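Undergrad: turn this into a model:
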Amino acid sequence: KLRRVGANVEWHGNIKMYVGLHGIKCGVTKVHMKGEMLMELVGTCPKPPLFQGARACFLNAPHLKLEYDVGVMNSVLKLAPIATVMQKVLIEQVSEKLVIPNRMGFRLDCACEMFRILKPRPEGLLKIMFIKAEGLLAMD
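TA: This next block holds a predicted model:
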């Protein structure tokens, strides 16, 4: 059995990621993340902890906002192109780990397989067969 909870999640994290560039230290100090998350409790048990495991994922890429600590580089790092690239890379990394079909999970019962928690079986299979297509451009 499975218990699902969907929620709009907002997380504000204090992190310290710095890069040294010719003796000048600059970096990210805060991350604000907001998105729609699905949390699932997997496999009911008759005794505590009551479930074999838990998993969570975002349904779409979350919205991310970064705050910088860059000292004399403040104006440079806040330039739109640099900030946009940093934000894009962070969103890609979060999406690779936490956006459906990817998810994070952990075991509550040591006897449960981790694969069962992170990679659930599909509920079904949809097979689509195209009979005819017209007016398509010859592209890869």
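Undergrad: and the strands in the chain?
TA: Taking DSSP state E as the criterion, the chain carries its strands at 2-21, 24-44, 51-58, 63-69, 104-107.
Undergrad: scan this protein for its longest helix.
TA: In the chain, taking DSSP state H as the definition, the longest helix is helix 80-98.
Undergrad: just give me the neighbour total for the nearest residue to Pro101 once chain neighbours are set aside.
TA: Spatial nearest neighbour of Pro101, chain neighbours left out: Cys57 (7.9 Å); criterion: C-beta to C-beta, 6 or more residues apart in numbering. In short, each C-beta sits where N, CA and C put it, glycine included. Residues within reach of Cys57, counting by other C-beta atoms under 10 Å, total 18.
Undergrad: show me what Cys57 is bridged to.
TA: Counting by DSSP bridges, Cys57 forms beta bridges with Leu38.
Undergrad: so it versus Lys34, what's the distance?
TA: Cys57 is 15 Å from Lys34, where distance means C-beta to C-beta, to the nearest Å.
Undergrad: kindly report the same for Ala133.
TA: Counting by C-beta to C-beta, the gap from Ala133 to Lys34 is 40 Å.
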